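Peer 1: Turn this into a structure:
(chains A and B)
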Amino acid sequence: MRKFADLNLRPPLKDQHVQVDMASLAFEIGLSLIGLRFDPKDPPTQISSTVRTFERVGLEVAVGIEICPMTRRQLLDQLRNIRGYVDVLAVKPTDSTVALTAAKDSRVDLISLERMTPRTKHSILKICEPPVEIELSRIISRISSINHTYLNVLCHEVELLNKHKAMVVISSGAKDVLTMRSPRDMACTLGSLGLAESVSLDAVSRIPYMIFRRNRERRSPEFIGGGIKLARSRSI
Amino acid sequence: MKKTRWRYLLIKIIGDEYSSGEFATALTDTLRTYFGSVNSTKINPKIIRYESSIGEAILKCRNDSVSIVRSAITLLTHIGDKPAAAFVIKSSGTIRSLARDWKTKKI
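Peer 2: As a prediction, this is how the structure comes out:
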């Protein structure tokens, strides 16, 4: 049986009530893994308290950081500083050079092509190693009705993803309960935009879990290198 | 003639308290906006049961159009003028199993 995940929830750090509501709704709509997305500047105490709120309802929680570097140097510095401390590292590049570097770097877990032009998206997808993240909050906003321009951009992005057979992760990017969505519903929405059914279901289940497990393994004290694990230690 | 197969969806609606008619109108509007009038007419989802106090509904639609209905539910952001969100909690081929869930929750 599939286990579902949403790797991009952004609960308000200071509002405990919203956090509790989001956690219980996440459990009710069938999510078993939640990725909480924070800013690198958020205080660690508030991050850990938010994580505890979500864990209390019985969800697995992955701590994620989203970085929006302006230059290539900034990207590499942030990757070096943050990588070891988080379960999910997402990059939202603002520049094509940054995007091309992020697409080739194995430390990047998710890359968003939201701010890229169609031509840049095409060249990034040719060499892209990490899965591409599609945030549903791009088209769903609780303030206004669905934005057709973004929907059109998303359709073209899905076309490119299909063409390059890229790995995809679908997430909600929800900031409150009204922007959260059920994982199967999100998969169906992307399916109706042209993404293959199996790809869209994997995008809310298999691939997020793969990212989470790989990074948890890397962060464990037994991990030494790719494929090498400490089996037994002896104190001298 | 091939027999029509139906699918029943248990839906949770959050936001304010809405009437069955308001929810049906919002869903039909979303279907019409994103999938066209023809598709909307073909799918023709029907609300079988609706409980506004707990914000839950049972919806009936054709088996081959479940993904379109689910997409419409995802894209639904407003009911009337108020912000809202809807989620498919469970999908089933028989209304009996959904009704069982419905009753269990009410107790």
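
Peer 1: low-confidence ranges in the chain?
Peer 2: Picking chain A for this. A:141-147, A:235-236 (pLDDT under 70).

Peer 1: that answer is for a different chain, and I need it for chain B
Peer 2: Low-confidence segments of chain B (pLDDT under 70): B:102-107.

Peer 1: Give me the residues contacting the lengthiest helix in chain B.
Peer 2: Criterion DSSP state H: the longest helix present in chain B is helix B:20-43. With contact meaning C-beta atoms under 8 Å, 6 or more residues apart in numbering or on different chains, helix B:20-43 is reached by A:146, A:192, B:13, B:18, B:45, B:47, B:50, B:52, B:57, B:61-62, B:65, B:68-69, B:71-73, B:75-76, B:78-80, B:84, B:86. For every residue, glycine as well, the C-beta is placed using N, CA and C.

Peer 1: chain center to it: distance?
Peer 2: Distance of helix B:20-43 from its chain centroid, counting by C-alpha atoms, centre = their mean, to the nearest Å, is 10 Å.

Peer 1: can I get the CA coordinates of that helix in PDB?
Peer 2: Taking C-alpha atoms only, helix B:20-43 is exported to PDB below (Å, rounded to 0.1, in the frame of the first residue of the first chain):
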ATOM      1  CA  SER B  20     -25.500  21.800  -0.100                       C
ATOM      2  CA  GLY B  21     -26.600  24.000  -3.000                       C
ATOM      3  CA  GLU B  22     -23.700  26.400  -2.500                       C
ATOM      4  CA  PHE B  23     -21.200  23.500  -2.600                       C
ATOM      5  CA  ALA B  24     -22.800  22.000  -5.700                       C
ATOM      6  CA  THR B  25     -22.700  25.400  -7.500                       C
ATOM      7  CA  ALA B  26     -19.100  25.900  -6.600                       C
ATOM      8  CA  LEU B  27     -18.100  22.500  -7.800                       C
ATOM      9  CA  THR B  28     -20.000  22.800 -11.100                       C
ATOM     10  CA  ASP B  29     -18.500  26.200 -11.700                       C
ATOM     11  CA  THR B  30     -15.000  24.900 -11.100                       C
ATOM     12  CA  LEU B  31     -15.700  21.900 -13.400                       C
ATOM     13  CA  ARG B  32     -17.000  24.200 -16.100                       C
ATOM     14  CA  THR B  33     -14.200  26.700 -15.800                       C
ATOM     15  CA  TYR B  34     -11.300  24.200 -16.000                       C
ATOM     16  CA  PHE B  35     -12.800  21.300 -18.000                       C
ATOM     17  CA  GLY B  36     -15.500  22.900 -20.100                       C
ATOM     18  CA  SER B  37     -19.200  22.800 -20.300                       C
ATOM     19  CA  VAL B  38     -19.300  19.500 -22.300                       C
ATOM     20  CA  ASN B  39     -17.200  17.600 -19.700                       C
ATOM     21  CA  SER B  40     -19.100  19.200 -16.900                       C
ATOM     22  CA  THR B  41     -22.400  17.900 -18.300                       C
ATOM     23  CA  LYS B  42     -21.000  14.500 -19.000                       C
ATOM     24  CA  ILE B  43     -19.500  14.000 -15.500                       C
END
